[in-house]
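A.B. asks: this one's sequence-less:
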C-alpha cells in the first residue's frame, strides 16, 4: 500500500502552501488521488514525485528558452540600424520576442511571402 499524504504534508514536499494545493484541486490542475472518510484530500507519494518531475521539466524548458532568447537578443543588438527599414524590423522583432517571453502569445510564425 502506497503512503498517502494529507494536504499539508503534500504541500510541504511540493514547496507550495496548502491553499495552493486546494486551489489546484478546485481548478482541476492537480487533484488528490483519494479523499478520507471525513473529506480530507489525500495525495500519493508517486503523485507528488510525478508533479515534482513535471515542474523540473518545465523549469528546464523555461531556462533553455530564456538562454535562446538572450542569445537572439544579443544578435539583434549587434545588428546595425543602417536605415529606417532595419530599425523598424528590429523593433518589431523585439516586440514579438517580448510578447512571446511574457506568455502573451504562444508562438511566433514567420510570415508567408507571396
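C.D. replies: Cool, got the structure. Worth saying up front: this structure is predicted, and the values here are computed from it rather than measured.

A.B. asks: Under the pLDDT cut-off, which ranges of the protein? List them.
C.D. replies: For the chain, residues meeting the criterion pLDDT under 70 lie at 54-69, 71-92, 100-114.

A.B. asks: redo that, cut-off 50
C.D. replies: In the predicted model of the chain, residues 57, 80-82, 114 satisfy pLDDT under 50.

A.B. asks: Could I get the full set of strands for it?
C.D. replies: Here the chain has its strands, by DSSP state E, at 4-6, 34-35, 41-44.

A.B. asks: and residue 12, which of these is closest to it?
C.D. replies: Among the strands of the chain, strand 4-6 comes nearest to residue 12, with 8.7 Å by Cβ to Cβ. In this view, the C-beta of every residue, glycine as well, is placed from N, C-alpha and C.

A.B. asks: what comes up buried for that closest one?
C.D. replies: Using 16 or more other Cβ atoms under 10 Å as the test for burial, strand 4-6 gives 4, 5.

A.B. asks: what are the pairing partners of that strand, and which direction each?
C.D. replies: Partners of strand 4-6 in the sheet, by DSSP bridges, are strand 41-44 (antiparallel).
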